[in-house]
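Engineer: A structural model of the following input is requested.
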Amino acid sequence: MSTNVWCKPSFILFLTLLWVALASAQKDTTGFWEAPDSFHKGRFWTAAGTGMVVYTGAVLSLNHLWYTDYPRTSFHSFNDWEEWQQMDKAGHMFTAYFESDWAYHVARWTGMKKKSSIWTGALVAIGLQATIEILDGFSSEWGFSPYDMAFNVAGAGFWAGQQAVWNEQRIRMKVSTTYRKYPDERIMGIPGGETTIRERTDDLYGSTFLETFLKDYNAQTIWLSVNIHSFMKTESKFPKWLNIAAGYGAENMFGGFENKWEMDGNTFATNNEKYPRYRQFVLSPDIDLSKLNIKSKPLKTIVYILNIFKIPAPAIVLNGKGGVEWDWLYY
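Structural biologist: Residues are numbered from 1 along each chain as shown. This is a model prediction of the structure:
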């Protein structure tokens, strides 16, 4: 699907609600925020039951919100590799990554052994993402994307490999985004009519902060945040929480494959010289929130969930136009 998987609020809500439900549904002799030493049936069925209910509701909601306006077809695939400067592929990888991480910790909460929890985390993430791809495959508007699925598996595999080898995430995938104000520049259509860039982006990405936060590829950056201390000797005095992050983004995208679109019987296009589509690469310091010395276990869990976001920080930006820029507060 051309729309970023990261913007699927139903699936983000699924994991968030699951975590919250677990936090209020179970009392036992083990401290709630502690993983039990052995498999706990009560916790397992609480997690599984809550997950299935929320998952079913999320799929039904997703089907209603995204697919009912388009005819159903037989299952088919399509090649979307050139869409969105591959920002959607980075989004697929990121989404599967953090879904794996969260599902793993839920599995550990039930008392599953680490190896089983790793498998559970990765397979849950792949299953969630595969649901979207299958729905896409039966929609006339989209189709099953082998590339999307490959990046889904890559994200889950990237997480699982680190967890299996290091028993921690030394290189975390994160996301950042900022609210964009697009110009009211008029664009004339063929054979007639007119629109503006802002009208196009409002239709494409939404107009509210939440919509653009979830959907605007121009505003998003996907990061690999490396924890430096974890690669040093144990006695190193380098701050455990300080990371260095490399980000990937793109600019001036007003359509999936090109900046041309149809509306009300007219064809519109932006000036490619004024608004060239290009990629950019970013280098910036970051904080691994999971490494902070937080005593409160509920607060530590909340902070861990928020660790999917890259903090605002100074950055060096290498853009696809051949320029190098310094940003005092990149987000």
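Engineer: number of residues surrounding the closest residue to F238 other than its chain neighbours?
Structural biologist: Leaving out its chain neighbours, the residue that sits closest to F238 by Cβ to Cβ, 6 or more residues apart in numbering is H229, at 4.9 Å. Glycine gets a C-beta too; all of them are placed from N, C-alpha and C. H229 has 18 neighbours, counted by other Cβ atoms under 10 Å.
Engineer: could you tell me which ranges of the protein sit under the pLDDT cut-off?
Structural biologist: For the chain, the stretches with pLDDT under 70 are 1-34, 36, 65.
Engineer: do a quick rundown of the helices in it.
Structural biologist: 9-25, 41-62, 87-109, 114-137, 146-166, 197-205, 209-215, 297-306 (DSSP state H).
Engineer: can you list those helices in JSON lines and add mean neighbour count and distance to W81?
Structural biologist: JSON lines is the format used below for the helices of the chain (neighbours: other Cβ atoms under 10 Å; distance: least, Cβ to Cβ, whole Å):
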{"stretch": "helix 9-25", "mean neighbour count": "17", "distance to W81": "23"}
{"stretch": "helix 41-62", "mean neighbour count": "16", "distance to W81": "24"}
{"stretch": "helix 87-109", "mean neighbour count": "25", "distance to W81": "8"}
{"stretch": "helix 114-137", "mean neighbour count": "20", "distance to W81": "15"}
{"stretch": "helix 146-166", "mean neighbour count": "19", "distance to W81": "5"}
{"stretch": "helix 197-205", "mean neighbour count": "18", "distance to W81": "20"}
{"stretch": "helix 209-215", "mean neighbour count": "17", "distance to W81": "20"}
{"stretch": "helix 297-306", "mean neighbour count": "14", "distance to W81": "32"}
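Engineer: who wins for proximity to L283 among those helices?
Structural biologist: Smallest distance to L283 across these (Cβ to Cβ): 16.3 Å, for helix 87-109.
Engineer: report the inter-axis angle for that closest one versus helix 114-137.
Structural biologist: 140 degrees (axes from the mean of the first three to the mean of the last three Cα atoms, to 10 degrees).
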